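Undergrad: here is a sequence with its predicted model. Questions after.
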Amino acid sequence: MDYGALEKNITDVLEEQQLKLGYLPETVRLYYPLPSLNRLMETRMDTGQMEECLQDFSGEVGSRLGKLAISREGERFCIAVPPEGAEYVHERLDTDGFLASLLKVLQRHGCTMEEIMQQFFRYSDHVHMEPVSDGEFDYLVYFEDGKPDDYRYCFTKEEDHITYHRFSIADYEEIKE
């Protein structure tokens with residue numbers, strides 16, 4: 001089983017959290033619905049199979065993320081990453097990379113979509129932007145070649161600030177269906 005996408009997703013979420021809130025050596029709980037885990041790992045497991053798979057995953061990543069605690073309620077899984085995992089991500093945190101620069105702009109009161117787009121174009125000439133008229137988001141933006149990342153960023157203008165959600169490609173496709 002290839003756990004690379006799941007491990008990357010977990011470390012990316014921890015990185016985003018640390019860039020937004022700062023680093024604390026504490027346990028972080030991440031929640032995943034069964035369909036998201038299946039999309040990440042390109043599987044079609046039921047809850048019992050996924051629970052076993054996540055136990056195996058915990059063993060595979062233990063040297064990097066520490067001993068993960070896996071639990072579930074119905075089809076919703078909790079992956080608790082211990083302080084060792086938070087520290088592992090913190091030691092590798094890119095405080096000068098794309099996400100850090102994007103968050104700095106977004107944290108400023110009154111930032112504009114033009115300023116946000118400048119951050120994307122600082123890191124690539126291959127940026128896709130389109131208005132979204134689904135009532136939930138205003139713009140979809142991503143790097144067409146997946147570099148420096150392959151997430152789908154959905155932005156919403158709310159009065160004097162802009163909020164965002166970051167989705168994996170598969171999860172974005174799922175919410176758009």
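TA: Here it is on my side, so go on. Numbering: from 1, shown residues only.
Undergrad: how about residues contacting stretch 10-28?
TA: Here stretch 10-28 makes contact (C-beta atoms under 8 Å, 6 or more residues apart in numbering) with 30, 65, 69, 79-83, 85-90, 92-95, 99-100, 103, 149, 151, 166. For every residue, glycine as well, the C-beta is placed using N, CA and C.
Undergrad: okay, stretch 116-126 in PDB with CA atoms only?
TA: Extracted C-alpha coordinates of stretch 116-126, given in PDB (Å, rounded to 0.1, in the frame of the first residue of the first chain):
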ATOM      1  CA  ILE A 116      -3.400  37.100  -3.700                       C
ATOM      2  CA  MET A 117      -2.800  36.500  -7.400                       C
ATOM      3  CA  GLN A 118       0.600  38.300  -7.100                       C
ATOM      4  CA  GLN A 119       1.600  35.600  -4.600                       C
ATOM      5  CA  PHE A 120       0.600  32.800  -6.900                       C
ATOM      6  CA  PHE A 121       2.500  34.400  -9.800                       C
ATOM      7  CA  ARG A 122       5.600  34.900  -7.600                       C
ATOM      8  CA  TYR A 123       5.900  31.100  -7.600                       C
ATOM      9  CA  SER A 124       4.800  30.100 -11.100                       C
ATOM     10  CA  ASP A 125       3.800  31.400 -14.500                       C
ATOM     11  CA  HIS A 126       1.300  28.500 -14.800                       C
END
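Undergrad: wasn't D145 part of a helix?
TA: No: D145: not assigned to a helix; according to DSSP: H, G, I helix; E, B strand; the rest coil it is coil.
Undergrad: which one is it nearest to, not counting chain neighbours?
TA: Excluding its sequence neighbours, the residue lying closest to D145 (C-beta to C-beta, 6 or more residues apart in numbering) is H126, at 4.7 Å.
Undergrad: how close does that neighbour sit to M117?
TA: Counting by C-beta to C-beta, to the nearest Å, the separation of H126 from M117 is 13 Å.
Undergrad: more crowded one of those two?
TA: A direct count of neighbours by other C-beta atoms under 10 Å for H126 and M117 places M117 higher, at 16 against 13.
Undergrad: just checking, the more buried one touches V127?
TA: Yes: with contacts counted by C-beta atoms under 8 Å, M117 reaches V127, the gap being 7.2 Å.
Undergrad: please enumerate the shared neighbours of the two.
TA: Any residue near both M117 and V127 by C-beta under 8 Å, 6+ apart counts here, and that gives V141.
Undergrad: okay, and which of the contacts of stretch 10-28 map to helices?
TA: Secondary structure from DSSP state H places L65, P83, G85, A86, E87, Y88, V89, H90, L99, A100, L103 of those in helices.
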